[in-house]
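1. Output the structure for:
(chains A, B, C and D, ligands or ions: 4)
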Amino acid sequence: MAEATEPEQTPRELTMSRAMVEAIATEMRDDEEVFVMGEDVADYGGIFDSTEGLLEEFGHDRVMDVPISETSFVGAGVGAAQAGMRPIVELMFADFFGVCMDQIYNQMAKNTYMSGGAVNVPMVLMTAVGGGYNDAAQHSQTLYGTFAHLPGMKMVVPSTARDAKGLMHAAVRDDDPVVYMFHKRLMGIGWMPAPDGPKRAVPEEPYTVPFGEADVKREGSDVTVVTLGLHVHRALDAAASLVDDGIDAEVIDLRTLVPLDAETVLESVRKTGHLVVVDEDYRSFGVTGEIVASVAESDLDALEAVERVALPDVPIPYARPLEDEVLPDADDIEAAVETVVE
Amino acid sequence: MAEATEPEQTPRELTMSRAMVEAIATEMRDDEEVFVMGEDVADYGGIFDSTEGLLEEFGHDRVMDVPISETSFVGAGVGAAQAGMRPIVELMFADFFGVCMDQIYNQMAKNTYMSGGAVNVPMVLMTAVGGGYNDAAQHSQTLYGTFAHLPGMKMVVPSTARDAKGLMHAAVRDDDPVVYMFHKRLMGIGWMPAPDGPKRAVPEEPYTVPFGEADVKREGSDVTVVTLGLHVHRALDAAASLVDDGIDAEVIDLRTLVPLDAETVLESVRKTGHLVVVDEDYRSFGVTGEIVASVAESDLDALEAVERVALPDVPIPYARPLEDEVLPDADDIEAAVETVVE
Amino acid sequence: MPHSTELEEMYGDMVTARHYEERLQEEYLEGKQPKFDISAGPIPGELHLAAGHEPAAVGVCQHLDDDDTVTAPHRPHHVAIAKGVDLKRMTAEIFGREAGLSGGKGGHMHLFDPDVNFACSGIIAEGCPPAVGAAMAADKRNTDAVAVSYLGEGALEQGGFLESLNLASVRDLPVVFVVEDNDWAISMPKERVTDVADGSRRADGFDMPGERVDHNDPVAVYEAAERAVGRARAGNGPSLIEVQVHRRMGHFMGDAQGYRPDEEIERLDRLDPIPRTEERLRAEGITDDRIETLRELATDRVEEAIEWAKEQPKPAPGAAHDDVFVDSPAGPAAAETGGDD
Amino acid sequence: MPHSTELEEMYGDMVTARHYEERLQEEYLEGKQPKFDISAGPIPGELHLAAGHEPAAVGVCQHLDDDDTVTAPHRPHHVAIAKGVDLKRMTAEIFGREAGLSGGKGGHMHLFDPDVNFACSGIIAEGCPPAVGAAMAADKRNTDAVAVSYLGEGALEQGGFLESLNLASVRDLPVVFVVEDNDWAISMPKERVTDVADGSRRADGFDMPGERVDHNDPVAVYEAAERAVGRARAGNGPSLIEVQVHRRMGHFMGDAQGYRPDEEIERLDRLDPIPRTEERLRAEGITDDRIETLRELATDRVEEAIEWAKEQPKPAPGAAHDDVFVDSPAGPAAAETGGDD
Ligand SMILES: Cc1ncc(C[n+]2csc(CCOP(=O)(O)OP(=O)(O)O)c2C)c(N)n1
Ligand SMILES: Cc1ncc(C[n+]2csc(CCOP(=O)(O)OP(=O)(O)O)c2C)c(N)n1
Ligand SMILES: [Mg+2]
Ligand SMILES: [Mg+2]
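-> Ligands and ions are numbered 1, 2, ... in the order given. Predicted structure coming up:
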């Protein structure tokens, strides 16, 4: 587990993508064994700017464009990692996991265990998630639950530039495979406007954000809103407007799903009694169920009311009114909060 | 939705695999458009006897061995189904989903929705699940949560020969894609001893078991044990021995995960107040979380205590003491029941 | 050699497709003023246009009937047009309208028109296996229908394509794989991702005929496809055709193409298949007037489709909950799982 | 041509591997008396034995050092032995003991010996990409290590293999793909699943040298591998070798092989590579006494390993919770997710 080494904040602001790239570049400078591979990561700089500028500094040998054959190159990452290198492999969209999941979940995630710890796989699988820009059913998913359900991979989802940098440092230095999911809407890409939230003061020096520590992004006493990724900002928006109704919401950003910081959630629920779990992934058999169940199982008495806000169990539709209907927004969160505190 | 057409029981007993094959053969006789394809489904009769005897009656054209290239043949099933045929495609082990998940979840499951209902995919994806025979991390999983989380496919898991037959008839006749997961330990294969439970009186004539109706396999008043597949029998064993402690357990067999019969679970919990969810799949972000959360969200007050019994979040180990440690058994269920009713 | 009516049909589809893409580009970009925001405007999301790919579409589809199946990838419009997909409803789909082919649920990467057996998928090479399945259905039913699977040269490396070659080959299925080689997979040039410049050579390892059409010419494609489709229809199994095409626009709208050499972009007009096809028409004795008429017909058809599409109502939000299953809601629990709206 | 010490080494590994498989078969089946129950006895679960495959293992691995990587599929023992995997700890793993290579967590399809860079996976062809990755690491680090990926002929159709050919080829990586063609994939004969009888032709579509060794002979394999490994080590890129081998036993123990023609099974002894290799040894002037000694050494080694393994303690149940991560428990929530024990 990476140590928490967060320094004082400095005023410099970065987009989330710049913060990620800064961490990757630093790790590449410090360690020859770190390299990046993926589709369009070199000259293009990553479709969502996740590798922007790396080619110029590190060249095509360490920032490798690879054929559109995810099983081969994700698996090559596994092989290189087992040989002791530290590959950062980009899967362009998490939605594409279906063409290479065996390498991800049966090899990358299990080899450490299946070898009884004789080998390990220090690899970062970085991938874009999220909808809200009308890219339809095959390019808009978060799939948080799909990845978190299968054992052997750590899983991180930053919501701010500051967390993104610290989590990336921690991911590259981690000796285990880490799935690093960045939400497209948070990257600060020119053509995909981001909420203001994620652009944050980011310290210049390297630091790590430890895995398994949720972050209370807003303290409150009436209701606990648990979420991650883009929806941290949706929840903060909802919390801001709930103030007018006299409701003081606590917003917890899980930051890592594996390991999961159930403790911080539980403590908050013990304080507020009310729980709303918000997720951009499909509702059933996923993140919201897990969070609710973990609280119910640990301290049922602490729980006075609970609601889940998530994508209903439908593929993500294309047209704006349809996508808006199914993606949870701040209003949905407000409504759920009002239901639980009523 | 298939109509419930269960006739009176007759005394004839079949293994689960015979019951499945009987339904498939009947459907193949009735409809030329039904065919079977998979690895070793022809001469071998299916590694787990799921197609035993079909080759003899229907020949190699309708019982097709196909190359070990799951993306191609699962996808061919999708294409044939969209063309109006009714393929039954076998994925030998659910554990292999990683090499073909795109066809399963991005095409088979989504094409109906993405086409706004213009096309549909009447296909059965049949696959073997489950551990308990020391086949280790890549051949022992149930992955119930993984499949149930992703929208667009129905999902059935029989626990008895009687249900297996009726669910297979319903699956083949359904106009939507159905993932039919059969537990190896329940098939009644000579070399893999089954619990006595699944071998049941099976009516000769065809009948359907409707989707979305859980079955109360044992009525009881003190605690609700919700489970599926092999663990229905583990739960019944636990219930039998809990009688000695004066505990009367109700055992609910979900039978289908999609659609999920949350209503039957809720009614039972309203009666007993105590809930134990038992699952052979990984604990986190899966079936147990969903069941607990759905009850908590619908009627928190009905719930006095809850426990989850599932595979901890570790890949499935090989050696007997290790696998026994992580697979839930009747003792684990008893212990959980005792915790909730205490 | 196509006879002159066929030439006219192919040309008509080419100019329809070209005008269509140019107009969609306009509509798309117009909606993203003053600042490019991918989710703004009448056509949101990614948009992959196929200007410069037309010969691959028309040369093959000229041999197909409605009963034949075509699967296309993320860049599907030209193929859809050549296959005879309902242009109005397709356009409405791209504009996210209720009257769209999918009622607005699919968008431009997920066009389904069962009347002409056309479908597409946005995942690289994943249209190949369903095409093999459609061919399997034709084979089992003993019809003479064939299936054609389109893919980009960037998909030549993907497992789903390679597996499909083998499955089609071992079962002698009536499939034609058509590779549109536009030299680029987004920013990756072909030589960076494979050592084999001639993609049709992928067929070699599977005992399948492979043929490359080296210039972006509808007649040459027509002739190669005549052999391949004929072979398939006669029950003699699958083939692979690679066609050299040219991507006249960015990979998707908004792609600044910084990675692309200027000379290459400059060359595009010289390589444009449309004027070259016009020359061919003239050589066949088709008059300039007739060519002009064909162009006008194409333009009118496109304008009409776009106008019609834009007049259609948007889908009601609640429709988002339908069509997960044929018989949605899917059972007693459907209300429970119906989400947060 | 291998010199005589090499011949002896290869023969030694062949008879070790053969005796090993025969003894495992005995142990496995003995534990399943009177009724075959897959989970009973000292070796539970599936067991895939490689008797009859030995030449493919020894002929290639003879060219490898500990620094070279080998990935093997579900039928790995002969390759592991030829690669120099610790026989005692491997055996302990197969018997599910604490001293096993994986402490009993892996079993026979998941053997990992990092000391000699050996790994295997039970998913068809999924060992190929990691082998390409090991070669990529060698390439980046500028060592002369190579990687060898073994697969069965049934894996020739699988996307993961085909993609790996291309990735290795386009980056000129030092990989050798070795296909063990035993004519069967469980019950499916090769001709049912592909039209290409010579699996090495898969290389054709990727501009890679492919070579087939048509008889189950360690010297012929040695020579083909000498070219392929040499090519890889010299930085000249990947190759594909297919070797004809014979499956002397069922696909897994307990497989009654009803699908297999009697004549074929009867032929197996005539095709046994071990007596034929002995003839070769004699031709090279190696005496019968020496051959007998090599056999005895092999037998002793195997017996010793099995005996040792069976004496080892079983793992403590609690160990099942370790090794998910290098630094398990994985964080504050580890206790929470620790399950139901
Ligand atoms: C499995 C998968 N990987 C990656 C992508 C992202 N992607 C979409 S189009 C594209 C490039 C495709 O290139 P090519 O096949 O040559 O078609 P073109 O765009 O040139 O027409 C990529 C990488 C995808 N959709 N699916
Ligand atoms: C992706 C995948 N599909 C199917 C299987 C099941 N399976 C295990 S071994 C085998 C046959 C393999 O045949 P081949 O590659 O020729 O190797 P052999 O067993 O003959 O040595 C199959 C189908 C698997 N393990 N992985
Ligand atoms: Mg291209
Ligand atoms: Mg074989």
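
2. Look up phi and psi at the most centrally placed residue in chain C.
-> Centroid-nearest residue in chain C, with C-alpha atoms, centre = their mean: C:P76, separated by 2.9 Å. Phi and psi for C:P76, reported as degrees, to the nearest 10, are phi -110, psi -10.

3. what's the distance between it and A:P317?
-> 18 Å (C-beta to C-beta, to the nearest Å). C-beta: built from backbone N, CA, C; applies to glycine.

4. Contact partners for the residue nearest to the centre of chain C?
-> C:A50, C:H108, C:M109, C:L111, C:C120, C:Y150 (C-beta atoms under 8 Å, 6 or more residues apart in numbering or on different chains).

5. And those, which two are furthest apart?
-> Using C-beta to C-beta, these span at most 14.8 Å, a distance reached by C:H108 and C:Y150.

6. can you dump the C-alpha coordinates of stretch C:283-299 into PDB?
-> Provided in PDB are the C-alpha atoms of stretch C:283-299 (Å, rounded to 0.1, in the frame of the first residue of the first chain):
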ATOM      1  CA  ALA C 283     -16.400   6.900 -71.500                       C
ATOM      2  CA  GLU C 284     -19.500   4.600 -71.400                       C
ATOM      3  CA  GLY C 285     -21.400   7.300 -73.300                       C
ATOM      4  CA  ILE C 286     -23.300   8.700 -70.400                       C
ATOM      5  CA  THR C 287     -23.800  12.400 -71.000                       C
ATOM      6  CA  ASP C 288     -22.900  15.300 -68.800                       C
ATOM      7  CA  ASP C 289     -26.500  16.100 -68.600                       C
ATOM      8  CA  ARG C 290     -27.300  12.700 -67.300                       C
ATOM      9  CA  ILE C 291     -24.500  13.000 -64.800                       C
ATOM     10  CA  GLU C 292     -25.800  16.300 -63.700                       C
ATOM     11  CA  THR C 293     -29.300  14.800 -63.300                       C
ATOM     12  CA  LEU C 294     -27.900  12.000 -61.200                       C
ATOM     13  CA  ARG C 295     -26.100  14.500 -59.000                       C
ATOM     14  CA  GLU C 296     -29.200  16.500 -58.600                       C
ATOM     15  CA  LEU C 297     -31.300  13.500 -57.700                       C
ATOM     16  CA  ALA C 298     -28.800  12.600 -55.100                       C
ATOM     17  CA  THR C 299     -28.700  16.100 -53.600                       C
END
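
7. Tell me which residues touch residue 120, please.
-> You didn't pick a chain, so chain A it is. So A:N120 contacts A:A81, A:Q82, A:N111, A:T112, A:D175, A:D176, D:V326 (C-beta under 8 Å, 6+ apart).

8. Hmm, no, I was thinking of chain C.
-> Contacts of C:C120 (C-beta under 8 Å, 6+ apart): C:T71, C:A72, C:P73, C:H74, C:P76, C:A80, C:M109, C:H110, C:L111, C:F112, C:G127.

9. I'd like those residues laid out as JSON lines, including distance to ligand 3.
-> Shown next, in JSON lines, are these (distance: C-beta to the ion, whole Å):
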{"residue": "C:T71", "distance to ligand 3": "17"}
{"residue": "C:A72", "distance to ligand 3": "13"}
{"residue": "C:P73", "distance to ligand 3": "10"}
{"residue": "C:H74", "distance to ligand 3": "10"}
{"residue": "C:P76", "distance to ligand 3": "14"}
{"residue": "C:A80", "distance to ligand 3": "18"}
{"residue": "C:M109", "distance to ligand 3": "15"}
{"residue": "C:H110", "distance to ligand 3": "20"}
{"residue": "C:L111", "distance to ligand 3": "19"}
{"residue": "C:F112", "distance to ligand 3": "23"}
{"residue": "C:G127", "distance to ligand 3": "15"}
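
10. Going by distance to ligand 2, which of these wins?
-> Closest approach to ligand 2 among these (C-beta to the nearest ligand atom): C:G127, at 21.4 Å.
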